[in-house]
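In: Here you go, sequence then predicted model.
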Amino acid sequence: MIVKMILLYTMLFQQPSVYDFSFNTIDGKKVSLADFKGKEILIVNTASKCGFTKQYKELQELHKQYGEKLVVIGFPSDNFGGQEFDANDKIQEFCEQNYGVTFLLSEKVDVKGENADPLFKYLTSAENADFTGEIKWNFEKFLINKDGKLTNRFRSKVTPLDESIISKI
């Protein structure tokens with residue numbers, strides 16, 4: 001009886017982590033973030049037609065340099081200024097042809113508003129060393145530690161290879 005009560009208490013009051021979420025890749029495969037336990041994760045809301053789109057190049061470089069211990073995942077979104085293609089295959093083609101992207105991309109999702117993906121509802125409200133609240137623009141970054149907790153958040157102007165990100169990997 002006591003064991004059951006402890007398990008119930010743990011289930012009810014345990015702090016959530018990103019490991020509680022999953023997403024569909026851009027080519028339709030379901031992936032659980034729990035698959036990346038023991039690695040850090042950098043989650044970025046992306047867009048193909050944005051002034052920050054060139055950050056795809058640095059995201060790919062992060063993926064190549066730190067892929068042993070860091071998982072980079074781009075989440076294409078059209079929430080800011082209509083700057084993303086409508087079709088997932090067009091997004092994937094654009095990223096591969098223009099930036100050689102081989103890191104994970106999700107299917108297009110909403111990252112804010114009423115229809116925001118549950119992962120982004122969690123990420124924008126989770127406590128971290130920097131700030132909480134709505135995403136302001138494309139290419140905001142969320143750094144998750146090896147235990148599945150959001151540790152840092154970076155606005156769009158902070159590039160993926162900026163020392164403020166590299167020093168935390």
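Out: Cool, got the structure. All values derive from a computational prediction rather than experimental measurement.

In: So in terms of bridging, what pairs with the residue positioned nearest the centre of the chain?
Out: Geometric centre of the chain, nearest residue: I43, 1.9 Å, by Cα atoms, centre = their mean. Legend: beta-bridge partners of I43 under DSSP bridges are I73, F142.

In: Confirm for me that it is in contact with I135.
Out: No - judged on Cβ atoms under 8 Å, I43 makes no contact with I135 at a distance of 10.9 Å. Every C-beta, even on glycine, is put in place using the N, C-alpha and C of the backbone.

In: what touches both of those two?
Out: Taking Cβ atoms under 8 Å, 6 or more residues apart in numbering as the contact criterion, no residue touches both I43 and I135.

In: just to revisit the earlier point, got the confidence number for the residue nearest to the centre of the chain?
Out: I43 is assigned a predicted lDDT (pLDDT) of 98.

In: and it, what is it in contact with?
Out: Counted by Cβ under 8 Å, 6+ apart, I43 has contacts V18, I73, F75, L119, L123, K141, F142, I144.

In: what's the answer for I91, then?
Out: By Cβ under 8 Å, 6+ apart, I91 lies in contact with I26, S48, P76, E84, F85, L105, K108.

In: Regarding it, what is its secondary structure?
Out: helix (DSSP: H, G, I helix; E, B strand; the rest coil).
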